[in-house]
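Student: Fold the stuff below for me.
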Amino acid sequence: MEVASRETHLYEQVADKMTRLIEKGTLKPGEKLPSVRKLSLQMGVSISTVLQSYLRMEDRGTIEARPKSGYYVRERPRELPPEPKMSSPSPTASTVDIGELLLEVHDAIMDPGIVPLGAATPNDELLPTRKLYRLLGTVARRHEAASNRYDSPQGNPGLRRQIARRGIDWGGTIVPDDIVITFGCTEALNLCLRAVTREGDTVAVESPVYFGFLQILESLRLKALEIPTHPREGMSTDALASALKKQKIAAVFLSANFQNPLGSCMSDERKVEIVRLLASRGIPLLEDDVYGDLYFGNARPKALKAFDREENVLLCSSFSKTISPGFRIGWTIPGRHIERVRRLKLSSTISTATLPQMAIAEMLANGGYDHYLRGAREAYRAQADRMIQAVKRYFPEGTSVTRPAGGTVLWVEFPEGIDSVVLYRRALEKNISIVPGPLFSPKRQYGNCIRLNCGNTWSERTEEAMITLGRLAERMT
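Tutor: Next up is the predicted model:
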């Protein structure tokens, strides 16, 4: 770990040195930076160190990558709003009760007449819907009988083979039999939680945490313990280690890559620390990697599962954020708990819809999934930039916002005194939906925070909604 620490320190030094050259005007907006190989020779560091430095500078908005061309200083260095700080939740576990407010917010999200500023849904215009439906028809005609039968409870073999093949992208070495196909990532998380916990157990979670997971905890009558989480670096390993010494924790849930709602992305060093920490205590780690493919940099970040040597990580994901929310195709690699998860799947939904599985398998094999993703990632990054700039222009002074390196959501923290639930209801009167912060905490914290969706194509309607939302918030200060 000391070597990893020195390497981390080194790439930060390189990033800081290059940033100073930009700030002093040695490198001007629009100019190309030295190639990764050239800078590694000039500074006497490894190519991987330079690449990490450039990725860090790209995350900061100092430089930008241009496909097949290299890295350039951004034309107009952006004046950005401040970022939120590390969260500091209550150190005690609690029951979860968010159901009533969640139903209200969800109904608003689904209303087509409302501008969905809060919904973490992918952009309809970016989804490969036409191609997917062509494949659906082709598969149905080619496999008429097979596509209309119950599939295996573990899932379609062709789809599991494609997921296993793509595991190389996130650092995995898996086989199709390691995988169980589910109805979206939600069922995957539900099955995995049921496999490793009992009613009344405590599960450690990030803070803030995705409200869908809190909903699962509530339905299973499990308690949640919030762990301090940084908006860029993710869950605090020190705080987690401290909590494990003080309390009995049955499982840990986190999203290491582009967490919802913060958009944080853990370094590989921190991922290794957490995986080893929990494995040494035999505490299962549930990983939600649903946004992992939607990275803004040059390389897909590794999943926690990539560092799992004890089969202790239960990885969950889906194609709802990348291919089709409506198909509801998810999956899990539950490690040593796979037999328990398979039995739970059989007793709950028997199997997942066959034809959608076959169509997605065909798309992964022959449908240009990677080509589509490249365009989608660039679009989501541009939309996140525009949304952050809109927060700077239109929201009250003192508002902070996250800088995600992937995914489709932003976390906004208003000055104290702005009640996000009240703001949500006032915005709804203007046909604008947001998600108030208390939904992301079992103890209803984050009363002055909201989640925004940057997945929609930027439009005049979106900008008007942001202006209106900013004015409503300003009146509450």
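Student: So what's the gap between the top helix by length along the chain and the chain middle?
Tutor: Criterion DSSP state H: the longest helix present in the chain is helix 369-394. Remark: helix 369-394 is offset 14 Å from the chain centroid, using CA atoms, centre = their mean, to the nearest Å.
Student: Equivalent analysis for stretch 333-348, please.
Tutor: That offset, for stretch 333-348, works out to 24 Å (CA atoms, centre = their mean).
Student: And that stretch, what's buried?
Tutor: Judged by neighbour count using 16 or more other CB atoms under 10 Å, the buried positions of stretch 333-348 are 333-335, 337-338, 341-342, 344-345. Yep, even glycine has a C-beta here, placed from its N, CA and C like the rest.
Student: before we move on, what about stretch 114-125?
Tutor: For stretch 114-125, burial by neighbour count (16+ other CB under 10 Å) applies to 114-123.
Student: Outside of that stretch itself, list whatever touches it.
Tutor: Under the contact criterion CB atoms under 8 Å, 6 or more residues apart in numbering, stretch 114-125 has outside partners 105, 108-109, 260-261, 320-322, 325, 376, 379-380, 383, 408-409, 427-428, 431-435, 450-453, 455-457, 461-462, 465-466, 469.
Student: For Tyr210, which non-adjacent residue is spatially closest?
Tutor: Leaving aside its sequence neighbours, Tyr210 sits nearest to Asn260 (CB to CB, 6 or more residues apart in numbering; 4.4 Å).
Student: Tell me if I am right that that neighbour is in a strand.
Tutor: No. Read with DSSP: H, G, I helix; E, B strand; the rest coil, Asn260 is coil and lies in no strand.
Student: Just give the nearest non-adjacent residue to Gly155, would you?
Tutor: Nearest non-adjacent residue to Gly155 (CB to CB, 6+ apart): Ile181, at 2.6 Å.
Student: Verify the stated contact: that neighbour with Arg160.
Tutor: Yes. Ile181 is within contact range of Arg160, at 6.7 Å (criterion: CB atoms under 8 Å).
Student: Looking only at neighbour counts, state which of those two leads.
Tutor: In this view Ile181 and Arg160 are compared by other CB atoms under 10 Å, and Ile181 has more residues nearby, 29 against 24.
Student: residues shared between the contacts of Ile181 and Arg160?
Tutor: 154, 331.
Student: Count the residues that sit near the residue nearest to Tyr210.
Tutor: Asn260: 26 neighbours (other CB under 10 Å).
Student: ditto for the one 4 residues further on
Tutor: Taking other CB under 10 Å as the neighbour definition, Ser264 ends up with a count of 27.
Student: Contact partners for it?
Tutor: Here Ser264 is in contact with 229-234, 258, 402, 404 (criterion: CB under 8 Å, 6+ apart).
Student: before we move on, back to that, list the helices and strands the longest helix of the chain packs on?
Tutor: Helix 369-394 makes packing contacts with strand 400-401, strand 409-413, helix 460-475 when contacts are defined by 3 or more CB pairs under 8 Å, 6 or more residues apart in numbering; DSSP states H and E.
Student: so which of those comes closest to Thr349?
Tutor: If you check each of the helices and strands packed on helix 369-394 against Thr349 by CB to CB, strand 409-413 wins as the nearest, at 27.8 Å.
Student: What are the buried residues along the helix or strand following that closest one?
Tutor: Following strand 409-413 in sequence order, the next helix or strand is helix 420-429 (DSSP states H and E). Within helix 420-429, the residues that count as buried by 16+ other CB under 10 Å are 420-421, 423-424, 426-428.
Student: Contacts for the helix or strand where Leu214 lies, please.
Tutor: Using DSSP H and E, Leu214 falls within helix 211-219. With contacts defined as CB under 8 Å, 6+ apart, helix 211-219 is touched by 95-99, 102, 186, 189-190, 193, 203, 205, 223-224, 253, 288, 435, 439-440, 442.
Student: do stretch 188-197 as well
Tutor: Contacts of stretch 188-197 (CB under 8 Å, 6+ apart): 180, 182, 203, 212-213, 216-217, 219-220, 222, 250-251, 253, 284, 286, 288, 314, 316-318, 330-332, 334, 337, 340-341, 344-345, 348.
Student: In strands only, show me those residues.
Tutor: 180, 182, 203, 251, 253, 286, 288, 314, 316-318, 330-332 (DSSP state E).
Student: Present the residues you listed as JSON lines; the columns should include distance to Glu83, pLDDT and neighbour count.
Tutor: Formatted as JSON lines, the ones in strands among the contacts of stretch 188-197 follow (distance: CB to CB, whole Å; pLDDT from 0 to 100; neighbours: other CB atoms under 10 Å):
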{"residue": "Val180", "distance to Glu83": "38", "pLDDT": "98", "neighbour count": "26"}
{"residue": "Thr182", "distance to Glu83": "34", "pLDDT": "97", "neighbour count": "28"}
{"residue": "Val203", "distance to Glu83": "27", "pLDDT": "98", "neighbour count": "26"}
{"residue": "Ala251", "distance to Glu83": "30", "pLDDT": "98", "neighbour count": "21"}
{"residue": "Phe253", "distance to Glu83": "24", "pLDDT": "98", "neighbour count": "27"}
{"residue": "Leu286", "distance to Glu83": "27", "pLDDT": "98", "neighbour count": "26"}
{"residue": "Asp288", "distance to Glu83": "22", "pLDDT": "98", "neighbour count": "29"}
{"residue": "Leu314", "distance to Glu83": "31", "pLDDT": "98", "neighbour count": "30"}
{"residue": "Cys316", "distance to Glu83": "28", "pLDDT": "98", "neighbour count": "30"}
{"residue": "Ser317", "distance to Glu83": "27", "pLDDT": "98", "neighbour count": "28"}
{"residue": "Ser318", "distance to Glu83": "29", "pLDDT": "97", "neighbour count": "27"}
{"residue": "Gly330", "distance to Glu83": "31", "pLDDT": "97", "neighbour count": "24"}
{"residue": "Trp331", "distance to Glu83": "33", "pLDDT": "98", "neighbour count": "24"}
{"residue": "Thr332", "distance to Glu83": "32", "pLDDT": "98", "neighbour count": "30"}
